[in-house]
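>>> Mind looking at a prediction? Sequence and model below.
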Amino acid sequence: MSYYNEMYEGSRVREPYARLSQWVETMPADFRQMKQAEAEALFRRIGITFAVYGEGGDPDRLIPFDMMPRVFEQSEWRKLERGIKQRARALNAFLRDVYGRAEIVRAGRIPARLVYQNEAYEKAVVGVVPPRGVYSHIIGIDLVRTSKDEFFVLEDNCRTPSGVSYMLENREIMMRMFPGLFRGNRIEPVDQYPDLLRRTLESVAPAKCHDRPTCVVLTPGHFNSAYYEHSFLANLMGVELVEGADLFVDGEFVYMRTTQGPKRVDVIYRRIDDPFLDPLCFRPDSMLGVPGLMDVYRSGGVSICSAPGAGVADDKAIYTFVPEMVRFYLGEEPMLQNVQTWTLWKDDDYRYVMEHLPDLVVKEVHGSGGYGMLVGPKSTKEEIETFRRKIEADPGNYIAQPTLALSTCPTFVAEGLAPRHVDLRPYCLCGDRIELVPGGLTRVALREGSLVVNSSQGGGVKDTWVLSE
Amino acid sequence: MLSRTAANLFWMGRHLERADTAARLLDVGQRITLLPNTASGYQNEWNSLLQASGTASLFAEKYGEISQENIEEFIFFDRDNPSSVMSCIERARESGRIVRTALTSQVWDALNVAYQDLRRIEKTPRDKIDTASLTDFTTSHTSTVRGAINATQLRNDGWHFMNLGYGLERADATARLLDVKYYVLLPRIEFVGSGLDTYQWQVILRALSAHRAYHWAYGGDITAGRVADFLILNGESPRSLITSLYEAVWNLEGLAKRYGETVPTNARDKAREVLSRLQAHDIDMVFDEGLHEFLTWFIGEIGTISTLVHEDYLLGGS
């Protein structure tokens, strides 16, 4: 299989990479190693680390940072941006619909079963319309590229997509280490993201809030692997980072415990999952949430971002219908394409997939983080057979996709630059407006030939540039 | 400010100061044991040191035998000892991590570097480390953090809580270090006024980095009365009980002023009362009362103030 190389066309350097190419060529190897060590030391000092569940070892592991940036031209970015915003509008329209009259189900465009029997469908919020009708306020859309003009959406993340702190810190560190690069290239800034996020949150304050809204970031606590990001965002937005125990419900509002007594909270950017939000409504054993929170939410005393139940829009079964949503709600043709997907609960699809397992990627419908998936072409016969038995046991739990020819981007390895596969996660903000900063998180599969970019599976990150005109 | 944030800032201050104290304790012990003519070998000295820091029984349980290596391990590295340098720095960093949003990047940076360096030292073979360098390591890192706090933190309520933690802990620590002198001397009252006595007072001064300061302040010979005066009642001495308590009062006043009348001020009122009692003392009264008895009273009062801080501010008023 041949892969689209984002920097080289044969031996010719593509235009957006011209200056970077010079930069690499004139960089002595020992200088590069020195800078790499410097970058690592910076990350460790800042304290950006990432805990990997179930792997033991160093709890303060770093995500490997690759110094070679990934570059988009302004025109390429414009196209992506339009597609992402369109998709974000459709996803929110879908959520509003399925917690309301469910026209899309009535019209027979999406099977009722996939919506109402979905674990993420929250009966507790049926009929509740959050401010501005926005359910998912931060949507992370994972994109892969297969050629100059072809991008595919790999998945949508409508709940609490993480990684935006890496987007910001990668840039920060690159600017600190290589200021010359930024003077020579005209690179669109991304550091307005926290301000945009704060504005987005404030714009969805409940109607009962009459003053400037008080926003907070709700974290499960400092043992969570993304805690760094929670504190980082709270800090840059200038809002409090709270844990469940810092909040309590009194009457029709939510308050936080402060040194000066209770203070009312209007908007909660939560980084904990639905089942843990409120032990009175969901899991009674949850210590992370706030008892009574859902009652306040339903009566419009507080906004929760993303809204409880937003997850129904982003699992891998619903994913296949997103292009349909775009047509149904917006009356437009989708600008971003889905990857062809076989759903194993359909007999035809099942038969095809089982016959072609070695060529396909198979994923669990509710899985994430690169766990519980099979990459056919990269697996041994035994691995494939083991996976086959898992599918047979519960076909409804799986979808399959062709193995995509993911684009590569030159990446520093021991011997110098070498192509490695990348994806892209931009972060789309939905409030009174729909916005996104020019850039996103580029994840790179550091192992040669690997197509799995998840940080829990040996993936790294890169700074992502959008060149201005 | 969130009550939890305030609590973490308060305890971050306390733990940093406590790490500093542990290192100084190690230094005092080390120097006292270098004396040639202690009657029953250095075992007693170390034991009194552990007594003063309130960890003697924990040590006996875990190590039994007193040796230089065991003591060093216990006071510096041992995570089972809640007052060890390792425990304190780790907990201070943990508090800092929880309240990252309330710290400047310089403060977090300093705190995190201290922790990372400490973990590196922990992996070094013990025979490659000497006690003096451990003390230096600690005081230099805790000073860097303190400096970053003073240079970069907003002068807001969080700043008051951090400094309140520092102040109360320092008052407590100086009292305890002074009490070491009592424990060391107790069995051999005939030493009072001897060369050994003077040397021990010198060691205490040195451990509080106050050796030179003392000479600037008093000049002349080192006497028990003057050293005690310097470390208890002298308002110029940076680690004296009165200075530390004054800092605590100042920060509590700051909070009371900032928060206004709706928030209780029991901690402030108590701290004021203890301060005015200190101010009414002169050093002869302290010795008449009995140095040990006086210090015990003082340590108790600091504990009470700390409890009141929790009740006034850290429970969230719900």
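Yes, it's here. Residues are numbered from 1 along each chain as shown, chains lettered A, B, ... in the order given.

>>> anything in stretch A:180-197 near chain B?
No: if you take C-beta under 8 Å from any C-beta of the partner chain as the test, stretch A:180-197 misses chain B, and the best it gets is 12.0 Å. Glycine gets a C-beta too; all of them are placed from N, C-alpha and C.

>>> Just the mean pLDDT for that stretch, thanks.
For stretch A:180-197, mean pLDDT is 91.

>>> So what would you say the end-to-end distance of that stretch is?
With C-alpha to C-alpha, to the nearest Å applied, stretch A:180-197 spans 29 Å between its terminal residues.

>>> Show me the contact partners of that stretch.
A:19-20, A:23, A:69, A:74, A:77, A:138, A:164, A:167-168, A:171-172, A:174-175, A:233, A:236-237, A:269, A:427, A:429, A:435, A:437-439, A:465-469 (C-beta atoms under 8 Å, 6 or more residues apart in numbering or on different chains).

>>> Correct me if wrong: A:Arg420 contacts A:Phe412.
No: in this structure, A:Arg420 is not within contact of A:Phe412 by C-beta atoms under 8 Å, at 9.5 Å.

>>> Now do the same contact list for A:Arg420.
A:Arg420 is in contact with A:408-411, A:413, A:444-446, A:448, A:450, counting by C-beta under 8 Å, 6+ apart.

>>> From B:Pro125, how far out is it?
Per C-beta to C-beta, to the nearest Å, A:Arg420 is found 40 Å from B:Pro125.

>>> now swap in A:Gln260 and tell me
51 Å.

>>> gap between stretch A:68-77 and the chain center?
Mean-position distance between stretch A:68-77 and its chain equals 19 Å (C-alpha atoms, centre = their mean, to the nearest Å).

>>> so for it, what's the average pLDDT?
Per-residue scores along stretch A:68-77 average to 95.

>>> Then stretch A:99-111?
So the average pLDDT for stretch A:99-111 ends up being 95.

>>> Get me the contact residues on chain A for chain B.
A:44-47, A:222, A:227-228, A:231-232, A:234-235, A:240-243, A:245-246, A:248, A:250, A:255-262.

>>> and with 6 Å instead?
Proximity of chain A to chain B, by C-beta under 6 Å from any C-beta of the partner chain, involves residues A:45, A:47, A:222, A:231, A:234-235, A:240-241, A:246, A:248, A:257-262.

>>> Give me the lowest-pLDDT entry from those.
Confidence by pLDDT is poorest for A:Gly47 among the residues of chain A next to chain B, given 62.

>>> So whichever residue of chain B sits closest to chain A, which state does it fall into?
Among all residues of chain B, B:Gly316 sits closest to chain A, at 2.5 Å; criterion: C-beta to the nearest C-beta. Going by DSSP: H, G, I helix; E, B strand; the rest coil, the secondary structure assigned to B:Gly316 is coil.

>>> count of neighbours near it?
Here the number of neighbours of B:Gly316 (other C-beta atoms under 10 Å in any protein chain shown) works out to 23.

>>> list the contacts for it?
Shown in contact with B:Gly316 (C-beta atoms under 6 Å, 6 or more residues apart in numbering or on different chains): A:257, B:3.

>>> Just the pLDDT for it.
Note on B:Gly316: pLDDT of 74.

>>> what do you get for A:Gly369?
For A:Gly369, pLDDT reads 58.

>>> swap in the one 10 residues further on?
The score at A:Ser379 is 87. That number is its pLDDT.

>>> Bridge partners for the residue of the stretch 151-300 of chain A found nearest chain B, pull those for me.
Nearest to chain B in the stretch 151-300 of chain A, going by C-beta to the nearest C-beta, is A:Arg257, at a distance of 2.5 Å. Using DSSP bridges, the bridge partners assigned to A:Arg257 are A:Pro262.

>>> Farthest-apart pair in the contacts of A:Arg420, please.
Longest distance between any two of the contacts of A:Arg420 is 15.7 Å, between A:Pro410 and A:Ser450; criterion C-beta to C-beta.

>>> These two: who's more crowded?
A:Pro410 (23 against 17).

>>> Return, as residue ranges, the portions of the stretch 151-300 of chain B with sub-threshold pLDDT.
B:182-196 (pLDDT under 70).

>>> likewise the stretch 1-150 of chain B?
B:35-44.

>>> 80 instead, please
Along the stretch 1-150 of chain B, the parts satisfying pLDDT under 80 run over B:28-49, B:51-54, B:68, B:101.

>>> Pull up the residues of it that are close to chain A.
Within the stretch 1-150 of chain B, the positions adjacent to chain A are B:1-4, B:6, B:97-98, B:100-101, B:109, B:112 by C-beta under 6 Å from any C-beta.

>>> Please tabulate those in TSV, including the columns neighbour count, secondary structure and distance to A:Glu6.
As requested, the residues of the stretch 1-150 of chain B next to chain A are arranged in TSV below (neighbours: other C-beta atoms under 10 Å in any protein chain shown; DSSP: H, G, I helix; E, B strand; the rest coil; distance: C-beta to C-beta, whole Å):
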residue	neighbour count	secondary structure	distance to A:Glu6
B:Met1	22	coil	47
B:Leu2	25	strand	45
B:Ser3	22	helix	50
B:Arg4	22	helix	46
B:Ala6	28	helix	49
B:Arg97	20	helix	37
B:Ile98	23	helix	40
B:Arg100	21	helix	35
B:Thr101	21	helix	37
B:Asp109	18	helix	35
B:Asn112	20	helix	35
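
>>> any chance you could map the strands in the stretch 151-300 of chain A?
A:151-157, A:215-218, A:240-242, A:247-250, A:253-258, A:261-265, A:267-270 (DSSP state E, counting those that start in this stretch).

>>> Who are the packing partners of the shortest one?
For strand A:240-242, the packing partners by 3 or more C-beta pairs under 6 Å, 6 or more residues apart in numbering or on different chains; DSSP states H and E come out as strand A:215-218, helix A:227-237.
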